[in-house]
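Pasting the sequence and the predicted coordinates here, then a few questions.
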Amino acid sequence: MRTPVFEATELFVRGVGETTDIVEKEMYTFADKGERSMTLRPEWTAPVVRAMLEHQMLAQGPQRLYYVGPIFRYERPQKGRYRQSHQFGVECTGYVDAEADAEVISLAWELVRSCGIGDAVLKINSIGDAVCRPRYRQALLEHFAPNVAALSEDAQRRVERNPLRLLDSKEERDAPFVASAPAFDAYLCDGCREHFATLRAALSLIDIPYVVDPRVVRGLDYYTRTVFEIESRALGAQSAVCGGGRYDGLVASLGGPDVPAVGFALGIERFLMVLAAAQSAVQVPREGIQAVALGTQARATLLAIVAELRRSMVPAFMDYEERKLLAHLKIADRNRARFALIVGSEELASGEAILRDLESRTDTRLPLAQPRVVAASLVEACS
Ligand code: ATP
Ligand code: MG
């Protein structure tokens, strides 16, 4: 799915929720020339659902979609937290049952694990539905209300508006009260309890390790039942690589039919940070050809060959400065080229270029025929 970078502010207020961090303080909102309030996309789920409704996709049965692209949030930029970042995510609509949650979670998990991220932890929780969440909300309210004065500023504001959000507070002041808060587990209604049990059984069946963490609540208002996060220690304070869950009420709340859905969003910048920490020793394999021209005439000869190589889809690099051979070879290393094709005045005179294999450090000679013919024999050398 591809959606516009900005949409009506109202979409995000309704689709993300008024008591969320995103809507309360993180949106880039502006008035356009027609005095309409517009907002740079802070997350993808609401726009994707909006687009699905607009194109009648939900009438065609269950859907499995993905998106990738920028999001914008008014935050204090720091490592792993940017005003513009990028998310990859999936949305699966049309299934009420927990097997769909397991499928979505396994996709996120396999993606993270297949990239060699060894220390990833999958945390799951259930935050109930319209039947049992009010009861739990009340229990939290009663737990936090007597200690309101001791809580952080953000937490104080949330006690009345959305006490669930307190559970994912990162403030030290709130920690003791969060630790002693009741867990949702005791308040889940039968339907939600059974759904959560099915999810756990399905995850075990497909061999995905998880921990149940009652503090995982997710920031967005529209979540029901399943919520999950994948974390890595490599990220420090910005520990979440990926977060998601079920949002059975969202489609209807955006004016659509009663269609259940489950999905996740993965932060690409954070994913790359974890990847870098996990694979620091991995070298990029050498590929393609560095054309090394020594002199103006050699440059013309190689320019034509490079163009032919590119037409044949062989990665080809060329530097346009007068340099010593050694400097050219350094550039070839930086480009991770597999071969250097070297032409100087001697090679022009003899009609043979030098082809240096930069992996085995051996030279062969290559007749300087028509550019297309030279390129064809290089394609062979590269394959
Ligand atoms: P956090 O608790 O770290 O603020 P979040 O709950 O706001 O995360 P989500 O809205 O669930 O994050 O977005 C999903 C993922 O997108 C996060 O797990 C994270 O990897 C990434 N992400 C969110 N905001 C940012 C940001 N400002 N910069 C970089 N990545 C981000
Ligand atoms: Mg955030």
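Great, that's in hand. Ligands and ions are numbered 1, 2, ... in the order given.

Which residues are in contact with Glu26?
Residues in contact with Glu26 (Cβ atoms under 8 Å, 6 or more residues apart in numbering) are 42, 73-75. The C-beta positions use only the backbone N, C-alpha and C, and glycine is treated the same way.

Excluding chain neighbours, give the residue nearest to Ala181 in space.
His143 (5.3 Å; Cβ to Cβ, 6 or more residues apart in numbering).

And Asp168, by the same measure?
Spatial nearest neighbour of Asp168, chain neighbours left out: Val217 (5.1 Å); criterion: Cβ to Cβ, 6+ apart.

which other residues reach stretch 339-349?
With contact meaning Cβ under 8 Å, 6+ apart, stretch 339-349 is reached by 288-295, 297-298, 301-302, 305, 325, 328-329, 332, 353-358, 366, 368, 378, 381-382.

could you redo the last one with a cut-off of 7 Å?
Residues outside stretch 339-349 that contact it (Cβ atoms under 7 Å, 6 or more residues apart in numbering): 289-295, 297-298, 301-302, 329, 332, 353-358, 381.

Below-threshold pLDDT in the stretch 201-350 of the chain: ranges please.
Low-confidence segments of the stretch 201-350 of the chain (pLDDT under 70): 219-221, 280-282.

Swap in 90 and give it another go.
215, 217-223, 232-239, 273-285 (pLDDT under 90).

Torsion angles phi and psi at the closest residue to ligand 1 within it?
Ligand 1 sits closest to Gly267 of the stretch 201-350 of the chain, with a gap of 2.2 Å, by Cβ to the nearest ligand atom. Main-chain torsions, Gly267, degrees, to the nearest 10: phi -80, psi 110.

cool, Ala130 as well?
Dihedral angles for Ala130 - degrees, to the nearest 10 - are phi -60, psi -20.

just the helices in the protein please.
Secondary structure of the chain (DSSP state H): helices located at 9-16, 21, 45-54, 98-114, 133-144, 153-161, 175-179, 190-205, 250-253, 268-278, 296-311, 325-334, 345-350, 371-382.

want to try a markdown table for those, with mean neighbour count as columns?
Output for the helices of the chain, formatted as a markdown table (neighbours: other Cβ atoms under 10 Å):
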| stretch | mean neighbour count |
| --- | --- |
| helix 9-16 | 19 |
| helix 21 | 19 |
| helix 45-54 | 21 |
| helix 98-114 | 20 |
| helix 133-144 | 16 |
| helix 153-161 | 15 |
| helix 175-179 | 14 |
| helix 190-205 | 16 |
| helix 250-253 | 19 |
| helix 268-278 | 18 |
| helix 296-311 | 17 |
| helix 325-334 | 15 |
| helix 345-350 | 13 |
| helix 371-382 | 16 |
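
Export these to TSV and append columns for distance to Ser232.
Below are the helices of the chain laid out as TSV (distance: least, Cβ to Cβ, whole Å):
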stretch	distance to Ser232
helix 9-16	25
helix 21	21
helix 45-54	23
helix 98-114	8
helix 133-144	29
helix 153-161	25
helix 175-179	22
helix 190-205	19
helix 250-253	28
helix 268-278	5
helix 296-311	39
helix 325-334	30
helix 345-350	51
helix 371-382	37
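
so which of these gets nearest Gly80?
Closest approach to Gly80 among the helices of the chain is made by helix 268-278 (5.3 Å; Cβ to Cβ).

Run through the residues that contact Arg356.
Neighbour list for Arg356: 339-340, 342, 363 [criterion: Cβ under 7 Å, 6+ apart].

Tell me the confidence at it?
The score at Arg356 is 97. That number is its pLDDT.

roughly how far apart are it and Asp363?
According to Cβ to Cβ, to the nearest Å, Arg356 and Asp363 sit 5 Å apart.

Can you give the domain ranges for this protein?
Domain ranges of the chain: 6-112+235-280, 289-382, per automatic domain parsing.

of all these, which lies closest to Ala149?
Minimum separation from Ala149 across the domains of the chain (Cβ to Cβ) falls at domain 6-112+235-280, 21.0 Å.

Alright, I will stop here.
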